[in-house]
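Peer 1: Provided below for reference: sequence and predicted model.
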Amino acid sequence: MQEIRILGLDLDGTVFDDEKRISPRTLDAMRAAINRGVLVLPATGRPVSGVPEEFLHMPGVRYALTSNGATVTELATGRRIVELTFDADTAMQIYDILRPFDCSMSIFIDGRSYTSTDNFDRMQELSPPSLRPYLRDSRIAVDDMHALMREHAHGIEKFSILYPDYPTRDAARAAVTAACPVEATSSLGCNLELNAPGVTKGQALLTLAGTLGYSREQVMACGDSDNDLAMIKAAGLGVAMGNAEPEVKAAADVIVSDNNHDGVAEAIHRFILGD
């Protein structure tokens, strides 16, 4: 069995069940891995302000990989181990290209998530019911997104956009990728996520591992969606959830139970605890 020293865990569709809960069994398995000396961290598309309390209050969780790998933050100090953000001019160009499409757009800047004031209600309409409380509580409404991006020119991490249907999403994706170099992925339904070129969860996870003196073979990652694909491929042990997209399953070394049946706990017990 590989000696796993770092465990990167996607949140939505992986650690969380469909009701956005982390089961007691999964929490216990995470704690047991930490007690074995494994570095357990969230590896999420959310900004650092969206890291769930269960991780923040768990002793031994030292880092958070957020915004699809745009940042890796040392939680105790706020120090950035990884910070790979957009050029501000490119970010504003992307925003202007996407605005004409029917969508709800959030921009992650310096660890927080912003949306335009006139976009806030549309965000609730387009989001899955289970995500609405999180989105409502985490998004900061602003009147002038261009002004905000100019003010935080070096901190623009990610675009997260919800669309009413796949044709609209695909048309927006084609328009923006034709005009700008971006890393385009999806994490749920009619969603589009944009990062700076080459920015992925996989690259960020391996950068953290190298910084701490660990090899690729000592890294394990669990995920389910398109934005997890690079991480599943990069890890020495890539684990796909039973509910994962076909491409993620095809790239994984192992497939475990789905997110509603403690797939993460199963993976920890099999490959870290040796049960």
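Peer 2: Nice, thanks for sending it over.
Peer 1: Chain neighbours aside, what residue packs nearest to residue 88?
Peer 2: Among residues not flanking residue 88 along the chain, residue 153 sits closest, at 3.8 Å (CB to CB, 6 or more residues apart in numbering). In short, each C-beta sits where N, CA and C put it, glycine included.
Peer 1: tally of neighbours for the one you found?
Peer 2: 15 (other CB atoms under 10 Å).
Peer 1: Return the set of buried residues in stretch 23-32.
Peer 2: Using 16 or more other CB atoms under 10 Å as the test for burial, stretch 23-32 gives 23, 26, 27, 29, 30, 31, 32.
Peer 1: One more: stretch 159-175?
Peer 2: So, applying 16+ other CB under 10 Å, buried residues of stretch 159-175: 159, 160, 161, 162, 163, 169, 172, 173.
Peer 1: Against residue 143, how distant is the first one?
Peer 2: The gap separating residue 159 from residue 143 is 19 Å, by CB to CB, to the nearest Å.
Peer 1: and what of the third one?
Peer 2: For residue 161, the distance to residue 143 (CB to CB) stands at 19 Å.
Peer 1: what's residue 150 in contact with, if anything?
Peer 2: By CB atoms under 8 Å, 6 or more residues apart in numbering, the contact set of residue 150 is 88, 92.
Peer 1: does the residue nearest to residue 88 really touch residue 90, like I thought?
Peer 2: No: counting by CB atoms under 8 Å, residue 90 is not a contact partner of residue 153; they are 10.9 Å apart.
Peer 1: Please enumerate the shared neighbours of those two.
Peer 2: Residues touching both residue 153 and residue 90 by CB under 8 Å, 6+ apart: none at all.
Peer 1: Can you give me the end-to-end span of stretch 186-194?
Peer 2: Stretch 186-194 has an end-to-end distance of 9 Å (criterion: CA to CA, to the nearest Å).
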